[in-house]
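> the following comprises the amino acid sequence and a computationally predicted model.
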Amino acid sequence: MRERISLDNAKKIHFIGIGGISMSGLAEILQRDGYEVSGSDDVLTEITERLDRLGIKIFHPNAAENISRGIDLVVYTAAVKADNPEFRAALEMGIELIERAPFIGKILHGYEPICIAGSHGKTTTTSMVAEVLLAARHDPTISIGGHMNRGGLNYRIGGSKYFVLESCEFSNSFHHWHPHIGIILNIDADHLDFFGNMKNLIEAFGKFAGNIRPEGALVIQAGVQGIDEITKKLKCDIITFGLKNNSKIYADKIKYENGNPSFDVMDGEKFLAHVSLPLPGEYNMLNALAAFAAALLLGIPPNEIADALCNIKGTKRRFEHKGMYNGIEIIDDYAHHPTEIISCLAAARQKMDSGRIVCLFQPHTYTRTRNLFDETVKSFSDADKIVLLPIYAAREPYDPTVSSEMLAEEIIKIGGDAIFIKNFDEAECYLKKILCSGDLLITMGAGDVFRVGDKMLGSDLSTLSTGCEH
């Protein structure tokens, strides 16, 4: 790969929190491009072990003495606070510090980025675009907020001009990038602890779209909230996708088999290709249409796009089949927003001929649970039994005003069958008592709820990070 990255003469780069899902990929991209890379993390995982094997110096734990005067640039995430010892040490030594999002922006200057944004489906759609480009031998560089089932990695270093990148709206991270192709899958009430309201959220997506290079294009779902506001001043091309023929690229003759959709991809009245998607649900059909539209813009023939999508492997923690336990299928999914919960459970219901759907749900963050409390309560209608674990706090301090016990109480009031369980061990014991052969167990949430299913299956996969860093 020829050198594409220019960091203003910086040669030695240190990452605070190098074991994160995105930071680890960036570290390896730089190392492969000839930079001297080091990093620290408070937790050693398979990711940090892999980086160490590649020759990247890993410090454990995070500490001021890890910062030396030979370092030219320190990269940190939005989660790192000013009292972090390495952050303070770099400031005191006069070493330049840069947050992850603008740092990615520097890297992207040397590429034609394909940036996938949206409230839901970013990881899956990014993997779809990546797999289509790989099948078409476009040799892309890839950065995904999860692990692809094809190869098991969250990044890939390619030799072409294309960089496929999952683009998160949290903290306006995606404002630092200037895509060649930008994709907006959907816009839904989320991260309102940061944005405050939907108006601000829509404006944030509008700025992301406004950063698309004039010679590029925006791929956006028809009818998405705020679409007129987002698109009214754009200089780039605009391509809509959806399930109705008011979109430029849309699905026709839709059928489902075992929960998986098959459909014709249409461009107006023109038939482009038939896709039989090996992933479940309407939501994945929409993701595939977005990927299809983006690939068309890159000149990939429709039949090649369809062939790639028909053989898509998807990503870990996205309706991932984990195994069978005494005749019970265990699925794991990252869903943590009400819209995602509804879509995931609807896909499970389409898949089931008989048996119950048991959902083990771990709410994600106090603010999201509080802000979307009523919507969350109503989102489990396709589950026969809901088992609720304590809220996964992530970046937040304890908040006594909202809890999983409260969710369980309200679900029961509207006719749902819900129970609160206070820890993983008790949840495992409870599930083993109530599950029957033919049931489907879904472990669901953006935290570490997958550990329960892994333990039931006798796995020890809990060291593998599979979600966003916030």
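Structure received.

> can you tell me the SS state at Thr102?
For residue 102 the amino acid is Pro, not Thr. Applying DSSP: H, G, I helix; E, B strand; the rest coil to Pro102 yields a three-state assignment of helix.

> now do the same for the closest residue to it other than its chain neighbours: its pLDDT.
Spatial nearest neighbour of Pro102, excluding adjacent residues (CB to CB, 6 or more residues apart in numbering): His176 at 4.5 Å. C-beta here means a position set from N, CA and C on the backbone, and glycine is covered the same way. What the model reports for His176 is a pLDDT of 92.

> show me where the stretch 51-200 of the chain has strands.
All strands of the stretch 51-200 of the chain, identified by DSSP state E, counting those that start in this stretch, fall at 57-59, 73-76, 96-99, 112-117, 141-143, 155-156, 162-166, 181-184.

> output the contacting helices and strands for the second one.
Using 3 or more CB pairs under 8 Å, 6 or more residues apart in numbering; DSSP states H and E as the contact test, the elements touching strand 73-76 are strand 12-16, helix 85-93, strand 96-99, helix 100-108.

> winner for burial among those?
strand 12-16 (a mean of 23; mean count of other CB atoms under 10 Å).

> what is the mean pLDDT for that strand?
Mean pLDDT, taken over the full extent of strand 12-16, equals 97.

> residues making contact with the helix or strand just after it?
Next helix or strand after strand 12-16 toward the C-terminus (DSSP states H and E): helix 23-32. Contacts made with helix 23-32 from outside it, assessed by CB atoms under 8 Å, 6 or more residues apart in numbering, are listed as 1, 5, 13, 15, 17-18, 37, 39, 47-48, 50-51, 54-56, 75, 77, 100, 103-104, 107, 141, 143, 153-155, 157, 469.

> try it again at 7 Å.
Among residues not part of helix 23-32, those counted as contacts by CB atoms under 7 Å, 6 or more residues apart in numbering are 1, 5, 13, 15, 17-18, 37, 39, 47, 51, 54-56, 77, 100, 104, 141, 143, 154-155, 157.

> mark which of those are buried, thanks.
Restricting those to buried positions leaves 5, 13, 15, 17-18, 37, 39, 47, 51, 56, 77, 100, 104, 141, 143, 154-155, 157, with burial counted as 16 or more other CB atoms under 10 Å.

> sorry, back to before: is it possible to get JSON lines of the strands of the stretch 51-200 of the chain that adds distance to Thr126?
Output for the strands of the stretch 51-200 of the chain, formatted as JSON lines (distance: least, CB to CB, whole Å):
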{"stretch": "strand 57-59", "distance to Thr126": "26"}
{"stretch": "strand 73-76", "distance to Thr126": "21"}
{"stretch": "strand 96-99", "distance to Thr126": "21"}
{"stretch": "strand 112-117", "distance to Thr126": "5"}
{"stretch": "strand 141-143", "distance to Thr126": "8"}
{"stretch": "strand 155-156", "distance to Thr126": "11"}
{"stretch": "strand 162-166", "distance to Thr126": "4"}
{"stretch": "strand 181-184", "distance to Thr126": "9"}
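
> mean pLDDT lowest for which of these?
For these, the bottom mean pLDDT is recorded on strand 155-156, which sits at a mean of 84.

> list the contacts for Asn417?
Let me fix one detail, which is that residue 417 is Asp and not Asn. With contact set as CB under 7 Å, 6+ apart, Asp417 has these partners: 384-386.

> please determine how far it is located from Val387.
10 Å (CB to CB, to the nearest Å).

> can you list the domains in the chain?
Under the assignment named as automatic domain parsing, the residue ranges that make up the domains of the chain are 12-99, 111-310, 320-456.

> end-to-end on the second one?
For domain 111-310, the first and last residues are 28 Å from each other (CA to CA, to the nearest Å).

> can you give me the helices for the stretch 251-400 of the chain?
In chain order, the stretch 251-400 of the chain shows helices spanning 282-297, 302-310, 338-351, 366-371, 373-377, with DSSP state H, counting those that start in this stretch as the criterion.

> how about the contacts of Asp417 in TSV, adding pLDDT?
TSV is the format used below for those (pLDDT from 0 to 100):
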residue	pLDDT
Asp384	97
Lys385	98
Ile386	98
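
> quick check, pLDDT for Lys106.
In this prediction Lys106 is given a pLDDT of 89.

> then the one 4 residues further on?
At Gly110 the predicted local distance difference test score is 83.

> please apply the same query to Gly152.
Each residue has a pLDDT score; the one for Gly152 is 74.

> ok, now His470?
The predicted local distance difference test score for His470 is 42.

> pull the helix or strand with minimum mean pLDDT from the chain.
Ranking every helix and strand in the chain by mean pLDDT, DSSP states H and E puts strand 155-156 at the bottom, with a mean of 84.

> how far does that one sit from the chain's center?
Computed by CA atoms, centre = their mean, to the nearest Å, the separation of strand 155-156 from the middle of its chain amounts to 14 Å.

> wait, a helix at Tyr250?
No: assessed with three-state DSSP, Tyr250 is strand; it does not lie in a helix.

> report the beta-bridge partner residues of it.
Under DSSP bridges, the beta-bridge partners of Tyr250 are Gly242, Met266.

> around it, how many other residues sit close by?
The local packing count at Tyr250 equals 21, with neighbours defined by other CB atoms under 10 Å.

> how near is it to Phe241?
Relative to Phe241, and taking CB to CB, Tyr250 is found at 7 Å.

> Ile116 contacts Glu169, doesn't it?
No: Ile116 is beyond contact range of Glu169, at 11.4 Å (criterion: CB atoms under 7 Å).

> so which residues of the stretch 301-450 of the chain form strands?
Remark: strands assigned in the stretch 301-450 of the chain by DSSP E, counting those that start in this stretch are 320-325, 328-333, 357-361, 385-388, 418-420, 440-444.
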